[in-house]
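In: Curious how this folds, go ahead:
(2 chains)
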Amino acid sequence: MPLTNDTLLNPLLRLENVSKNFPGTSALKNINLEVRAGEVHALFGENGAGKSTLIQIIAGVVRPTYGKIYLNNEEVDIGSVQHARELGISAVFQEFSLIPQLTVEENLFLGSEDLFGPFLKKSNLHQRACDTLKSLGFDLKPEKKVMHLSRAEQQMVEIAKAFRTKPSIMILDEPTASLTEHEADQLYNMIVILKEEGIGVIYITHRTNEIYRIGDRITVLRDGECVDTVTAEDTDEDKLVEMTIGRRIKQVYPDINTSSGRVLLDVNNLKLSKKSHQTVSINVRAGEVVGLAGLVGSGKSQVGRACFGLDKIYKGKISYLHDVIFDSEKKINDLSPRAMLDRGMLYLPSDRRVEGLVMMQNVRENVSLPSLRLSKFSSGFLLNRQSEKDIVGKAAQKMGLNPRSIERPLEHLSGGNQQKVLVAKSLVRDVKLFILDEPTVGVDVGARTAIYGLIKDICEAGSGVLLISSDLSEIVNLTHRAYVMHRGELCAELNQQQLSEQALLNYFFTEQEVNGD
Amino acid sequence: MVTEKTSVFAAKIQSFLTISFVRAGVLPWFLGIAIIGFGLANENFLTERNLFGISRQSTYLVLVAMAQMIVMLTAGLDLSVGVMLAMTSVVSSMTMVSLWSGYGSGWESVLIGCLAGLGASVGIGFINGIGVAFFRVPPFVMTLAMSSIVFGLALTITGGTPIYGVPESFANIFGYGVMAGIPVPVWITAICVSVMYVFINWTPLGRYFYAIGGNIRAARLSGINTRFYLLSAYVLSSAITGIAALLLTARLESGESNIGSNYPLLSIAACAIGGVSLFGGVGRLSNVVLGAIFIILIQNGMNLLRINSYLQMVVIGVLLVVAVIADNFRQQLILTMNE
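Out: Next up is the predicted model:
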């Protein structure tokens, strides 16, 4: 839809001085925001900047403390999610609102089923589900159970759910966080269709390249305040980052010196399942950062997990510091998280909520958990809580967390700070080999620079780092060499000269098989 | 002017009450209301003699609630504490009766009887732990099944009749004994609570229980042998229940197979009122102890007011649900205050 004077003067949605106070703190201060018909309006900001609260207000989840909301120039008071939907505002949140045990179509119409008296009109519902999915171009079977779908497919169901009533405002909260490149492309195409239909899209993301690909205007939030609204065309990435964190970051990615030493980890002809045709062989030396790149589902995580004793290995041999710790032929298997921690290996999982952190415990307890048996944390039978407090306090400070916040439960920390806590586990023990699995997914720029700084320190102190990531620029800018995986197989090893985003992308989608050795 | 002042005052009181509720939970309110209410309703309630009695009566539930708490911290539930009490009581008293000659203090038979009883309860806890930790039977099902199995066994052994004839010294010391003005069972319970306090708050093992209940996968990735510690939780819990059972047997001067029937409910209620999460990972020992004392206090108060035992069951059930509702409300308050 072309931008006319009409759409400029009459925005679909207008927020006037919207504020939200929670007891003791104000989450949002005097936000002014305009969403026009047919534009993608990106919300950008660090974790905790107030983006979530803002979209929750628009979607009717919470009410503003004061301020006015106009929809088509009429003041509205959005009382509930249901009310918002009736007004034509649909939201797709990061936390899926799907019931895993129900089918796709049951989920799509949950709460607004077609009824014949007290009975469900099942054939009607099925037809409507098929129509909705087809109109969005999603290749999903309506009768499939949601628990059997991939995360990307679940995301599609969630989006389709937002479309069961015709929206005029669509809120997408980091929709591509769990999608593969290909699936993200599909989503972008869909957004183009939405724009053409005159729908205003509010899009939250941490990825700047995404903003430049689909965004029209960007509103930057910081500490609950609106910094500015700018057009995507006239704002470069450095400027955007500066607006976001309020200061200029010289470099997001630090230069890391390498002192390639002895081989720490040597994975030889590893086969994770019977099905895979090829084997994986990688090694990591002391004093270098090695990347393991690939799309979500390419099997890169499993390699890291297997080395830490988390995933089963079908065949192969793993040596660590000249000891053979796994050999399927000689029936050697010394792999277990405890044993690997004792040998100085630390693996940090990609999903901090599911596997990384104990959310109801505080920062101190989480950081020290893997290391409680060390003499600095406990002597004999008893814990040394004072020394625990001191050591974790220092680690927290190093990660840029407020040392006083170490007694706060993790549930009350922002996502970026939670990720800092996860990474801080490496600071309270000796780590010879550090395996990080997608350490910066859904994390703001400030936390990212802190995590990259830690990787630099660890590497330059002579330890090895294996960085498992699907973030291209992370791999290109941080690692000294990188392996690429595709569909469970190793397809390339690239040295620093060969590393570029284009080269990686080629291998991500490669069909021919190249042996990495 | 005046109304403005009072409204400011009222707002201050309201925020103070809200904050103290969020900090300490529902238990201090329950306790305060109960003490004031019963104190006003019955003059005998706040007498030294009655409070002395309450302290002795509450020892058994304090111990069992503590045992329940350990299991609940690991996101489990132990419905077999009742039959553990029964089996320990039966085994220990039968052993004592068969070993005691009838003359003298019989301390050897008391010692062996106690060990046999503890062995029985730890055995039950061990089987619970194996089922939960190694065969991944849900704790609810495992301990429910166990309570049927063990109750059946206890009835079979005793034929349903009490076992009399334990050495008098056993009852005199562990049932009715007083040391330095304080009942022996209270001493023993106080020691158990102190040891448990140190264990839960000052040892890695205690920390691991919280971590396993909070997020078992994160605990495993932190190098914690989750199976071993789950098993330990059930074993430790059963040992504490065993101690409670021995004290109860001494008090009753007999072994009985149906002494524990209301303990699963009461111990879970004490934990829930004390703020232990039913989903694991959250709970404080001091509050659980207070929760158990609160329940005994309520029962004692109602006895003084001659409220019959059937109605007492209704009151306990209502309190349990009210406590959980209040805690949910508290969680919501915390959430809004932190955003």
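
In: Within the helices and strands, which one has A:Tyr70?
Out: Per DSSP states H and E, A:Tyr70 falls inside strand A:66-71.

In: Flag every buried residue along whichever helix or strand comes after that strand.
Out: Sequence order places strand A:74-76 as the next helix or strand after strand A:66-71, per DSSP H and E. Neighbour counts over strand A:74-76 (16 or more other C-beta atoms under 10 Å in any protein chain shown) mark A:Val76 as buried. Any C-beta I mention is one placed from the backbone N, CA and C, and that applies to glycine too.

In: So what pairs up with the closest residue to A:Met170 other than its chain neighbours in the strands?
Out: Spatial nearest neighbour of A:Met170, excluding adjacent residues (C-beta to C-beta, 6 or more residues apart in numbering or on different chains): A:Val201 at 5.0 Å. Beta bridges link A:Val201 to A:Val40, A:Met170, judged by DSSP bridges.

In: which residues does A:Val201 contact?
Out: Applying C-beta atoms under 8 Å, 6 or more residues apart in numbering or on different chains to A:Val201 gives the contacts A:Glu39, A:Val40, A:His41, A:Ile169, A:Met170, A:Ile171, A:Leu172, A:Ile191, A:Leu194, A:Lys195.

In: Now do it against A:Lys398, distance only.
Out: 40 Å (C-beta to C-beta, to the nearest Å).

In: again with A:Ile313
Out: Counting by C-beta to C-beta, the gap between A:Ile313 and A:Lys398 amounts to 35 Å.

In: What about the residue lying closest to B:Pro138 once chain neighbours are set aside, how many residues nearby?
Out: Nearest in space to B:Pro138, with sequence neighbours left out and distances taken as C-beta to C-beta, 6+ apart, is B:Val132 at 7.7 Å. B:Val132 has 26 neighbouring residues, counting by other C-beta atoms under 10 Å in any protein chain shown.

In: do you know how far B:Val132 is from chain A?
Out: 19 Å (C-beta to the nearest C-beta, to the nearest Å).

In: Specify the local secondary structure of that residue.
Out: The local conformation at B:Val132, judged by DSSP: H, G, I helix; E, B strand; the rest coil, is helix.

In: do B:Met69 as well
Out: Criterion first, three-state DSSP; result for B:Met69: helix.

In: ok, so what distance separates the residue nearest to it when sequence neighbours are not counted from chain A?
Out: Once flanking residues are discounted, B:Met69 sits nearest to B:Val288: 4.7 Å by C-beta to C-beta, 6+ apart. Distance of B:Val288 to chain A, computed by C-beta to the nearest C-beta: 17 Å.

In: Against which helices or strands is the helix or strand harbouring B:Val288 packed?
Out: According to DSSP H and E, B:Val288 maps onto helix B:285-304. Applying 3 or more C-beta pairs under 8 Å, 6 or more residues apart in numbering or on different chains; DSSP states H and E, one finds that helix B:285-304 contacts helix B:27-41, helix B:48-73, helix B:184-202, helix B:263-273, helix B:309-338.

In: so what strands line up beside the helix or strand encompassing A:Leu467?
Out: Using DSSP H and E, A:Leu467 falls within strand A:464-469. Paired neighbours of strand A:464-469 in the sheet (DSSP bridges): strand A:289-293 (parallel), strand A:433-437 (parallel).

In: between those strands, which gets nearest to A:Lys51?
Out: For A:Lys51, the closest of the strands paired with strand A:464-469 is strand A:433-437, at 25.3 Å, according to C-beta to C-beta.

In: which outside residues touch that closest one?
Out: For strand A:433-437, using C-beta under 8 Å, 6+ apart, the contacting residues are A:264-265, A:284, A:301, A:304-305, A:307-308, A:320, A:344-350, A:423, A:426, A:455, A:458, A:463-469.
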